[in-house]
Structure formats: C-alpha cells, structure tokens
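Enquirer: can you look at this prediction? I've put the sequence above it.
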Amino acid sequence: MKNLILIILSVWGAISAYSQNVYNINIDKPEKEILRGHLDLGGTNPAGEEITVNSYYIEKDGKPFFPVIGEFHFSRCPEEYWEEEILKMKAGGINVIATYVFWNLHERNEGKFDWSGDLNLRKFVELIEKHKLFTIVRMGPFCHGEMRNGGMPDWLYGRTFEVRSNDPEYLEYVDALYGQIASQIKGLLYKDGGPVIGVQLENEYQHSAAPWEFTFPGSKKELTVADLDAALAHEQIADTEGVNPRYEYGKKHMNNLKQIALKHGVDVPVYTATGWGNATIVEKGSIPVTAGYAYPFWAKPQASGFYLFKDIHKYPDYSPVSYDTDLYPSIPCEIGPGIQPKFSRRPIVAYESVNPLMVRIIGSGSNGIGYYMYHGGTTPQYDGKFYNEQANGIPRMNYDFQAPLGQYGQARYHYKHLRMLHLFLDACSDQLAPMKTVLPETNASIKPEDNETLRYAVRSYGESGFLFMVNFQDHIEVKDIEDVSVKIETSGETISFPLKGTFDLPKAASAIFPFNLKLAHTFIRSATVQPLTVLHQSEGNCYVFSSVDGIKPELNFLQETKISKLRNASVVSVNGLKSVQAQGNAPFSFEINGDKIMVLSQSLALNALKVGESLVISEALVLEDQGKLQFISQRTANKIHLYPAKEIACDKVNIRKEKPVFKGFATYAVEFDEVKPEVKFEKVSSRKYTLELNSDIAKLNDVFVNIDYVGDRGLAFIDGELITDHLYQERKWEISLKNYAPQLKNDKMVLVFEPMYPDYSYLEDLTQVPEFENGKYLKVNGVEVVPEYKTELVIKK
C-alpha cells in the first residue's frame with residue numbers, strides 16, 4: 001500500500017509539473033553601452049537646470065527624465081476649455097504636452113497670420129507653464145494630423161516651386177512661418193525659464209504626405225510632396241524596404257529647417273524628427289522619434305507585431321530607418337491609444353488594448369512614450385471652409401480619435417489604466433532608464449497569432465530589474481494564460497515568479513513585477529505586485545504598489561528582514577525567504593526599518609492620483625489645481641479617499657466623513673444635488689431628429705447627450721451650420737452640450753442620419769453587421785442625457 005501511495009504521488013507530481021508553463025530567462029548579459037556628448041542637443045535654463053540627451057535616454061540635471069508625451073491640438077479645442085483639459089492631462093500623468101501648429105489655420109490668406117482665440121498658441125503655452133508641465137511644439141511646415149493638405153495652405157498649391165523642398169522661394173515662406181511661431185513662444189523657451197523644451201521639425205519627411213484638396217474623387221491623389229520625393233511618399237505610416245535613395249537631399253532639407261528655427265531664436269534642448277520608415281532626420285541634431293498603430297485605418301485589419309517584445313532600441317517599429325540606432329534614444333511620439341476613422345474604414349480600438357501596448361514598448365527598451373492622440377478634439381471651420389482631410393474621407397469636424405480623453409475631454413477606460421502606468425514611470429524611471437532589455441529564447445518563435453505562449457521581457461541592470469508581461473494581441477481572440485512560472489537567472493541566483501507554484505495571467509492583462517528592487521532601507525527580492533508610487537513623508541517613505549487582478553500578491557524578502565505592523569497580510573517562509581502575502585482582496589501594509597509598504601487593490605490603484613506627497617483616490621475625475629482639487633463626476637453620489645488622512649472642506653456640496661477604506665486613510669462621501677436637464681429628442685422624418693435643451697445648465701460642468709444609433713453616419717446642425725459629425729463605430733455618439741448651450745437657448749439642434757449599405761467597405765471593421773432590409777439599414781434607438789457635476793475641494797493643512 002505504501003509503495004502504491006508513493007507511485008500515485010510521483011505520477012501526480014509529474015502531471016503537475018507537466019501542466020506548468022515554466023519560462024526561463026537569463027539576464028547575465030553585458031550592460032547597455034551609453035554614449036554621451038555626441039549629439040548637438042541639450043540646454044540650460046536661468047536656474048542652472050540642464051537637459052541633455054545621451055544615446056539611451058534624456059537626462060535632467062544628470063538624472064534620467066522619462067518623457068510621457070500627450071498630443072493635444074489647441075486649435076481643435078475652444079480656448080475657454082484649454083485649462084481644464086491641460087489639468088486632465090496632468091492628472092493622467094502626462095508631463096509633456098505636444099501640439100501641432102497647423103500652418104493653414106494660422107495663415108489662411110497669404111501674409112495674414114491669425115493667432116487669436118482658439119489659435120492663440122502663446123496663451124496655450126502659458127497655461128502649460130502655469131501648471132508646471134513641459135511642451136513640444138510641432139512646428140511643421142508639413143504636419144498631417146488628418147488636416148486639410150496636411151496643414152499646408154491652399155495658396156501654396158499654385159506656386160512655381162515644389163513644397164517640402166530646398167527651393168529658396170519655398171524656404172522663404174517657411175522662414176516667415178517659423179518667425180511667426182518664434183514670436184508666439186518668445187520668452188517661453190526652456191532657455192528663458194519656460195516650458196518649451198523641444199520642437200519638432202517637419203513630419204515624416206521623405207516618408208509620408210497628405211493629399212492636396214484639389215484632388216478630384218476617383219482620380220489618383222496628388223500629394224503634398226516635392227516631385228523628386230514622390231516615389232518615397234506614402235499617405236500614412238507604412239513599412240518600407242532598403243535605403244532612402246534621397247537621404248542626402250533630405251538631410252540638407254532638415255538641416256535647413258533647423259537653421260531657420262535657430263535664426264529666429266528657437267534654441268531648445270530637444271529637436272525631434274519623425275524617424276520611422278526611412279524618414280530623414282537632422283543627423284546628430286535631433287531625436288528620431290518613433291510610432292506604433294495597432295489599429296490603423298490605412299491597412300488591412302490583421303494581427304500586428306506591436307504586442308511582441310523586441311529590442312526596440314536596435315530594431316525600431318516601422319524599420320528600416322535612416323539613422324544609426326546606437327546613437328539615439330528610443331522615444332515614441334506617435335503611439336496610437338486610439339485611431340481616427342475615415343468613411344471607408346472604421347477600426348474600433350479596444351480600450352483594453354492600450355495599456356498592454358505601452359507595457360510592451362517600455363519593456364522592449366523605449367525610454368519615453370508619446371501618445372497620438374491623448375486628447376481628441378474638433379477640427380474647426382474658418383471662413384466657411386472645412387479643414388478636414390476630405391480626400392481621405394475623414395469626418396468634417398469630429399476628431400475624437402477614440403483617445404483616452406475624447407473629443408470633449410471625456411475620460412475613458414484607458415485614461416485610468418495609463419495613469420497607473422505613468423505613476424510607475426514617475427516613481428521608477430531613475431532605475432528603469434539605464435536598464436537593458438533582455439528577451440527570452442522563446443521570443444523569436446512567437447507569432448502575433450499565438451495566444452498560448454507568455455509574452456514577456458526583462459529590463460535589468462546588474463542583479464535588479466523589472467519583469468514585463470502582456471497578454472493581448474490585436475485582431476485575434478486572447479485567453480487566460482494559465483499555470484505560469486517565470487524564472488530569472490542572474491549571475492548568481494534564480495528568482496522565481498511566484499516564489500512557489502504558478503499564476504494565471506488573465507486575458508488583456510499586463511504586469512510589471514520588480515526584483516531586487518532597492519528601497520531606502522531594504523530591498524525587495526521579488527514581488528507579484530506592480531510599483532505604483534512613492535510618498536516621501538516626515539515619518540518615512542511609503543512605497544505604494546498595486547496588485548494585478550487575478551494574480552495573488554506577494555512580496556519576498558531575505559530571511560533576516562524584520563517585518564512589523566502587518567495589516568491584512570501574513571508572513572510565511574518559502575524557499576528560504578520571508579514572503580508577505582495578502583489575505584483576501586483588501587489593501588494590506590507592513591513596515592521594514594522605517595519604510596512603509598502598502599499594496600492597493602487594482603481597482604483602488606486605477607483611481608489613484610498623487611497630489612504632492614499624498615494619495616487621492618476616487619472614481620470621480622480629480623484634478624489638482626494649485627493646491628485645490630477640482631472634483632468632476634457624472635454621478636451624484638461619490639467617494640474620495642485621502643492618504644495620509646486629511647480633512648477636506650467644500651461649502652457647495654454635501655460632504656460626509658465615512659469609515660476609512662484602510663487604516664491611515666480618510667474617506668468621505670461627496671454628494672451633489674441631482675440636476676435633471678430637460679432635453680427633448682424628437683423624430684421629424686425618416687432621417688432627421690431635433691434636440692432641444694429646455695433648461696439652464698449653468699450649474700453643471702457639462703451635459704452629454706449619448707446617441708444610440710446604428711447606421712452610416714450622423715451630422716449635427718444648429719441654424720443650418722454643421723457643429724460636429726460622427727462616423728458609426730458601434731459606440732454611442734457623444735455630444736457635449738456646454739459647447740453649444742448659448743446657441744441652443746434660441747434654436748434646436750438638428751441631427752441628420754444616413755443609412756448603412758451592404759457594400760460599404762468598412763463593414764469588415766464591425767463586430768456585428770445588421771440585416772439589411774430594402775438594401776440599407778438605419779435605426780435610431782434614442783438618447784441618454786448625462787449631467788456632469790463639478791465642485792472644488794480644499795484639503796486642510
């Protein structure tokens with residue numbers, strides 16, 4: 001009988017071991033070689049602070065600076081809302097705002113520049129400065145941005161010279177444009193103590209162009225490119241082959257642009273140039289920024305390589321490139337957290353796809369991230385003219401882009417997930433930036449269609465580092481990856497995740513786990529929690545981590561580590577280490593040598609905002625505004641948690657103190673008096689509806705009308721003027737009424753819908769195609785009216 005039991009146990013052990021997916025990676029590799037002093041980049045401000053650029057990352061005062069760049073076009077948002085939207089971006093963890101200067105908006109008529117109202121670049125940059133962010137001004141002259149002619153004025157078309165060339169007459173016009181931009185940002189450059197740390201010169205030079213709007217429907221598109229470069233020009237980002245045969249000419253052009261900028265005093269630490277697909281840069285005088293779009297409207301819907309780890313510093317996405325990758329850091333400026341639809345293609349970006357995309361990029365070796373677009377907007381009309389890229393079927397006005405912050409600043413699912421990642425970058429970039437990327441041997445064999453194999457990489461320096469994992473792939477079904485164990489081999493030890501047994505990585509999940517992470521007074525041997533932030537407080541540092549849904553949290557330390565003040569956790573001895581493990585899903589904490597470690601549930605971490613050396617947590621949108629908190633919510637009943645515990649006050653809403661979510665926190669209920677805006681939605685014909693706003697909404701921050709329909713498109717008019725439009729993408733059409741409330745006092749909004757037809761090419765992008773009756777389909781189901789409340793909270797000292 002005893003022998004039978006031993007046989008059964010042996011067989012069971014073999015089956016159990018076989019069922020585990022054990023992944024091994026050896027990080028005992030040479031460190032990344034970092035070059036300094038070879039680039040004509042960098043600068044100082046009047047306070048003596050310095051920005052420099054080495055071959056692997058940007059430095060600020062000798063320490064790594066990890067730019068988190070969010071694109072937001074000031075000209076696509078009403079001036080009166082800029083400040084609130086900048087605060088939303090800051091609350092989301094953006095530290096650099098990038099913006100295009102669209103030439104054709106500012107110089108609509110030759111020689112007459114307009115920098116007023118919604119085109120007031122200077123005011124926009126001053127607001128960025130007010131809220132202590134940096135900015136990169138994308139100066140053009142060519143931009144793209146799904147703008148008419150890619151941002152080039154119509155009046156350039158009929159000239160004798162070639163645009164985007166070294167023709168002296170063309171460069172004279174560029175000189176005038178750059179001079180105007182320089183006057184707008186004068187005194188606001190980094191060298192002056194201002195926020196402008198960088199400018200982008202041109203865009204996708206010798207790689208991409210936009211159609212001139214003189215193109216006729218059905219004709220071959222004539223592109224905004226010099227004839228000699230026409231063979232190199234794509235309409236959007238594309239994979240290329242070989243080398244750029246016109247590189248020397250392009251290098252001269254990019255150098256000309258930089259010299260013109262310098263001539264006008266635009267002397268900044270960082271010049272960028274888009275470097276993907278053999279585009280030309282300013283050699284050793286710019287950072288070649290990169291891109292990645294998993295759901296492009298210009299390519300067939302198919303699984304991409306953007307969720308496969310790689311050495312992205314050596315092999316950028318959209319290779320080949322025209323520059324020596326060993327000389328420059330890998331910093332993207334155009335990672336798509338959304339995408340713009342066009343009439344013939346309507347890609348639907350899965351919001352849960354965006355965080356894994358960014359984790360893959362950082363884990364692959366990028367030392368900066370840039371979102372295009374982070375904030376959507378509305379393409380304006382001027383002088384009765386639409387400025388959309390009509391030749392490609394881009395919406396006339398709606399430039400929502402499915403972005404983390406939508407057309408009207410709506411905060412979406414991926415806004416919070418990305419904020420959590422940005423908190424990690426803010427806390428850990430000093431350690432992360434110098435780290436090399438190490439890929440497992442299994443990496444080369446993984447194809448985009450593989451949903452069975454764990455996708456992972458390590459960034460490490462010496463014996464410490466971070467394990468990066470993603471479980472997502474665009475355009476295929478993903479599933480949980482079960483019974484995973486990852487073993488990291490260093491020069492002298494093996495580190496296991498988890499310490500014992502296995503974990504499951506849920507579908508659409510991503511994770512960043514530390515090992516040999518040095519804290520002020522100890523170090524973490526390994527952990528299955530993600531670093532979130534550090535709070536520097538008088539009684540000691542508080543290191544905040546987030547659990548990952550579906551993975552049991554554990555933090556492992558050397559056996560001699562003295563752990564005290566355990567809350568909601570237990571300590572067990574595993575494989576010669578002390579392991580602190582969670583008891584349930586509640587937050588837990590403990591202390592080591594004066595360092596406090598606190599682990600939040602992922603649901604709490606997603607709602608966390610760092611304000612000074614405090615943590616503010618709420619499902620509402622909380623914005624820090626010079627010591628006060630702007631509190632925005634679409635619900636009347638809300639909660640807010642503050643750590644460490646502090647008193648808050650507000651005389652405009654009901655505030656009630658409640659049982660704290662965890663020891664050391666203060667928890668409050670924040671309740672608004674309900675407002676029910678009176679909105680009347682009425683059908684007037686088979687395709688037309690009217691919307692009336694019959695109440696004053698001045699006490700609200702906004703009112704959103706979410707229109708539920710299935711069809712081809714919708715257009716909204718007031719007094720016969722188009723105010724916005726929408727291409728159907730299986731999501732509700734969201735319209736902010738605060739933008740149009742003054743007009744709606746005396747007029748109705750007219751909504752015109754168009755039916756969908758069975759031969760439309762974008763049907764391949766939809767997950768559900770309706771049954772077509774009489775050869776077409778249109779159904780308007782109704783509207784949802786959502787009031788948005790806002791108040792100001794004061795944190796008492």
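Expert: Everything's here; your move. Numbering: from 1, shown residues only.

Enquirer: quick check: phi and psi on residue 170?
Expert: Per-residue torsions, residue 170: phi -60, psi -40 (degrees, to the nearest 10).

Enquirer: ignore the last one, residue 130
Expert: Torsion angles, degrees, to the nearest 10, at residue 130: phi -60, psi -40.

Enquirer: how far away is it from residue 70?
Expert: From residue 130 across to residue 70, the span is 17 Å (CB to CB, to the nearest Å). Using the backbone N, CA and C atoms, a C-beta is placed for each residue, glycine as well.

Enquirer: for residue 465, same thing?
Expert: 27 Å.

Enquirer: one more: residue 372?
Expert: 9 Å.

Enquirer: between residue 465 and residue 70, which has more neighbouring residues?
Expert: residue 70 (30 against 25; other CB atoms under 10 Å).

Enquirer: identify the contacts common to residue 372 and residue 70.
Expert: Listed as contacting both residue 372 and residue 70 by CB atoms under 8 Å, 6 or more residues apart in numbering are residue 98.

Enquirer: for this structure, which segments count as helices?
Expert: With DSSP state H, the ranges of helices along the chain come out as 2-19, 82-91, 103-106, 121-130, 168-184, 247-263, 354-363, 413-432, 602-605, 741-744.

Enquirer: dump those into CSV; add mean neighbour count as well.
Expert: Output for the helices of the chain, formatted as CSV (neighbours: other CB atoms under 10 Å):
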stretch, mean neighbour count
helix 2-19, 9
helix 82-91, 21
helix 103-106, 23
helix 121-130, 19
helix 168-184, 18
helix 247-263, 18
helix 354-363, 26
helix 413-432, 20
helix 602-605, 21
helix 741-744, 15
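
Enquirer: out of the ones you listed, which gets nearest to residue 302?
Expert: Closest approach to residue 302 among the helices of the chain (CB to CB): helix 354-363, 16.0 Å.

Enquirer: ok so, going back, of the helices of the chain, which approaches residue 679 most closely?
Expert: helix 741-744 (9.5 Å).

Enquirer: contacts for the closest one, please.
Expert: Counting by CB under 8 Å, 6+ apart, 692, 693, 697, 718, 719, 737 sit against helix 741-744.

Enquirer: was I right to think the first one contacts residue 679?
Expert: Spelled out, that is residue 692. Yes: applying CB atoms under 8 Å, one finds residue 692 in contact with residue 679, separated by 7.0 Å.

Enquirer: number of residues surrounding residue 676?
Expert: For residue 676, using other CB under 10 Å, the count is 8.

Enquirer: ok, it to residue 421 distance?
Expert: Taking CB to CB, one finds residue 676 at 37 Å from residue 421.

Enquirer: give the residue spans of this structure that score low on pLDDT.
Expert: Applying pLDDT under 70 to the chain picks out residues 1-19.

Enquirer: paired strands for the top strand by length along it, with orientation please.
Expert: Longest strand in the chain, counting residues (DSSP state E): strand 779-795. Here strand 779-795 is paired, per DSSP bridges, with strand 628-633 (antiparallel), strand 648-649 (antiparallel), strand 702-710 (antiparallel).

Enquirer: for that strand, list every residue counted as buried.
Expert: Of all the residues in strand 779-795, those buried under the rule 16 or more other CB atoms under 10 Å are 780, 783, 785, 787, 788, 789, 790, 791, 793, 795.

Enquirer: tilt between that strand and helix 82-91?
Expert: Strand 779-795 runs at 80 degrees relative to helix 82-91, counting by axes from the mean of the first three to the mean of the last three CA atoms, to 10 degrees.

Enquirer: quick one: distance of strand 779-795 to the chain centre.
Expert: Its chain's C-alpha centre and that of strand 779-795 lie 24 Å apart, by CA atoms, centre = their mean, to the nearest Å.
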